[in-house]
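Trainee: Show me how the following folds:
(one chain, ligands or ions: 1)
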Amino acid sequence: MSSITLYDFPLSGNCHKVRLLLSMLEIDHERVTIDVVANQTASPQFKRINPRGQVPFLVDGEVRIWDSMAILIYLARRYGTTNWLPDDPAAEALVMQWLAVAGDELLYGLARARAVWRLGRPFNREQCQQEGRGGLSLMEQRLAQADWLAAEHVTIADLACYPYVALADEAGVTLEPYPAVREWLARVEALPGWVPLIEREDEAG
Ligand SMILES: N[C@@H](CCC(=O)N[C@@H](CS)C(=O)NCC(=O)O)C(=O)O
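Mentor: Numbers count the residues shown, from 1 in each chain. Just a heads-up that it's a prediction; the model follows:
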């Protein structure tokens, strides 16, 4: 039986980043659903497991990690090749700079603008959308000249940035002005092991 458990919520783009890499690396794992809408992340039972009170959260034997970016780094280093996360300092830093965009402009921008609609969260939607467009413009500049964000091949930077860009319509942000970003979305979706945000078994469950 697998010793890897992902504490997960099907509608979460942050969890989707992790599910994508687990699938692409063909890592056997179990998933435990923590219902963010029902506020299960704040329950004492879950906080005993993850004091940060957020999903995704990964347990791999003795290793316990919160935060989608940290989990991507761990899985890439532990189970992937250096293609996913190069070990050359400059190449690694290029990946990290796009993880920062995923954690700043895309999270505080697109993800929060989506959460206003999806979860009724009290963020200023227009400000969030504006921040999200800043991230999309940065991505468009890069992707107009390259197929992937941080290297000549896919890295965890692409998986980190993918979910909330793919969900931009739910954030009320059109991707019309970003043709290179739209082509990149299609490239990510063509990767072996790509899985949609909601998988059939999740819908059934
Ligand atoms: N920076 C974190 C953000 C995680 C996050 O915001 N998770 C949301 C679900 S998408 C959550 O658990 N929210 C519950 C809460 O904050 O109370 C990451 O990248 O994993």
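Trainee: Any buried residues in stretch 96-111, and which?
Mentor: Neighbour-count burial for stretch 96-111, counted by 16 or more other CB atoms under 10 Å, picks out Trp98, Leu99, Val101, Ala102, Gly103, Glu105, Leu106, Leu107, Tyr108, Gly109, Leu110, Ala111. Heads up, the C-betas are built off the backbone N, CA and C, glycines and all.
Trainee: for stretch 56-70, same thing?
Mentor: Pro56, Phe57, Leu58, Val59, Asp60, Ile65, Trp66, Asp67, Ser68, Met69.
Trainee: and the ligand, which of those residues contact it?
Mentor: With CB under 6 Å from any ligand atom as the criterion, the buried residues of stretch 56-70 include Pro56, Asp67, Ser68, Met69 near the ligand.
Trainee: Among the residues you listed, give me the pair with the biggest separation.
Mentor: Pro56 and Met69 (10.1 Å; CB to CB).
Trainee: I'd assumed Ser12 was in contact with Arg31.
Mentor: No: using CB atoms under 8 Å, Arg31 is not in contact with Ser12; the gap is 11.7 Å.
Trainee: Looking at these two, which is more packed in?
Mentor: The neighbour comparison of Arg31 against Ser12 (other CB atoms under 10 Å) goes to Ser12, with 22 against 19.
Trainee: Report the rounded mean pLDDT for stretch 4-22.
Mentor: For stretch 4-22, mean pLDDT is 98.
Trainee: Relative to the whole chain's centre, how far out is it?
Mentor: Its chain's C-alpha centre and that of stretch 4-22 lie 8 Å apart, by CA atoms, centre = their mean, to the nearest Å.
Trainee: next one: stretch 33-44
Mentor: Distance, stretch centre to chain centre, for stretch 33-44: 19 Å (CA atoms, centre = their mean).
Trainee: for stretch 11-28, same thing?
Mentor: From the chain centre to the centre of stretch 11-28 is a distance of 8 Å (CA atoms, centre = their mean).
Trainee: Stretch 169-176 too?
Mentor: Between the centre of stretch 169-176 and the centre of its host chain there is 17 Å, according to CA atoms, centre = their mean.
Trainee: Show me what from this protein comes close to the ligand.
Mentor: Proximity of the chain to the ligand, by CB under 6 Å from any ligand atom, involves residues 9, 12, 14, 36, 41-42, 53-56, 67-69, 103.
Trainee: Neighbours of the closest residue to Glu26 other than its chain neighbours, how many?
Mentor: Ranked by CB to CB, 6 or more residues apart in numbering and with sequence neighbours excluded, the top spatial neighbour of Glu26 is Gly193, at 6.9 Å. Neighbour count for Gly193, taken as other CB under 10 Å: 11.
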